[in-house]
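Trainee: attaching a predicted model along with its sequence, questions to come.
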Amino acid sequence: MTDPNQDDLYDSLPDLEGRTVVAVTGNDYVPLNFVDPKTGEAIGWEYDAINELCVRINCEVDWNVTAWDTMISAVRQGQFDIGMDGITITEERGEQVDFSIPYMTAEQFMLVGAGEDRFATPEEFAANDELLIGSQAGTTNFYVAVYDVLDGDESNPRIKLFETFGAAVQALLTGDVDMVLMDAASTKGYIGANPDQLEVIGEPLASENFGFIFTPDSDLVESFDQAIATMRVDGFFDHLSNKWFFAYDPTE
């Protein structure tokens, strides 16, 4: 991929000359961004991706953490340069912030308690009024629950809202809700941490593209997009996915 005697894929990348990029995440999305319970270190797929992106375009990352429900507005207002938390690229969000090109395509799955036999499809779930979904307000998972599983009513009392995905999964483990919608990457992380208590059933419900968010009209978008494109070509994203979705075991 590189040739010291000729221009290559990386020679055409922008040089930000060591500029500090203020990044923010939520540390609430295993395995994309979370705190390792064994070390207390903030780690994950998105941490590795942004750190590598800044290596390629010569910038320094200043990491910060904020709650999901304030992240988009904080980036829009310029408190942070770039944000990430498995954020689905949507037209509505695109009116508030700028998105990078997609760095991951994810599908939504039904995460349930091990041995669940009351339903196996969204239709069977919707038909049983006693069944509850745990979700996080304003997330793609929430809107899939509203429009792809239930009746399109965003105030449907069968959707129990939590501040984090982790809290929704904890409610699933304690039997306070019956299902949590989640992408394959995160379901693997939670099942890995609770191998005898959780499982995935049914087919994927929806497909979504994740993107990094930037303050509107940010001059960083083009630089990051170019670097993301190189990571697609040289397989670095595949390396990260193997590392975090298959090799990483949260129980070890």
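Mentor: Perfect, I can see it now.
Trainee: quick check: longest strand in the chain by residues?
Mentor: Longest strand in the chain, counting residues (DSSP state E): strand 104-113.
Trainee: for it, packing partners?
Mentor: Contact partners of strand 104-113 among helices and strands, from 3 or more CB pairs under 8 Å, 6 or more residues apart in numbering; DSSP states H and E: helix 140-144, helix 165-173, strand 179-183, helix 184-193, strand 198-201, strand 207-210. All C-beta spots, glycine's among them, are computed from the backbone N, C-alpha and C.
Trainee: and of these, who's closest to residue 156?
Mentor: Minimum separation from residue 156 across the helices and strands packed on strand 104-113 (CB to CB) falls at helix 140-144, 10.7 Å.
Trainee: and the helices and strands packed on strand 104-113 as CSV, adding mean neighbour count and mean pLDDT?
Mentor: Listed next are the helices and strands packed on strand 104-113 as CSV, based on neighbours: other CB atoms under 10 Å; pLDDT from 0 to 100:
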stretch, mean neighbour count, mean pLDDT
helix 140-144, 21, 85
helix 165-173, 21, 90
strand 179-183, 27, 91
helix 184-193, 20, 79
strand 198-201, 17, 94
strand 207-210, 18, 87
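Trainee: the ones you listed into JSON lines, with extra columns for distance to residue 28?
Mentor: Output for the helices and strands packed on strand 104-113, formatted as JSON lines (distance: least, CB to CB, whole Å):
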{"stretch": "helix 140-144", "distance to residue 28": "13"}
{"stretch": "helix 165-173", "distance to residue 28": "6"}
{"stretch": "strand 179-183", "distance to residue 28": "12"}
{"stretch": "helix 184-193", "distance to residue 28": "10"}
{"stretch": "strand 198-201", "distance to residue 28": "17"}
{"stretch": "strand 207-210", "distance to residue 28": "15"}
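Trainee: show me where this structure has strands.
Mentor: Counting by DSSP E, the chain has these strands, from start to end: 19-25, 34-35, 42-43, 59-65, 82-83, 98-99, 104-113, 133-136, 159-162, 179-183, 198-201, 207-210, 213-214.
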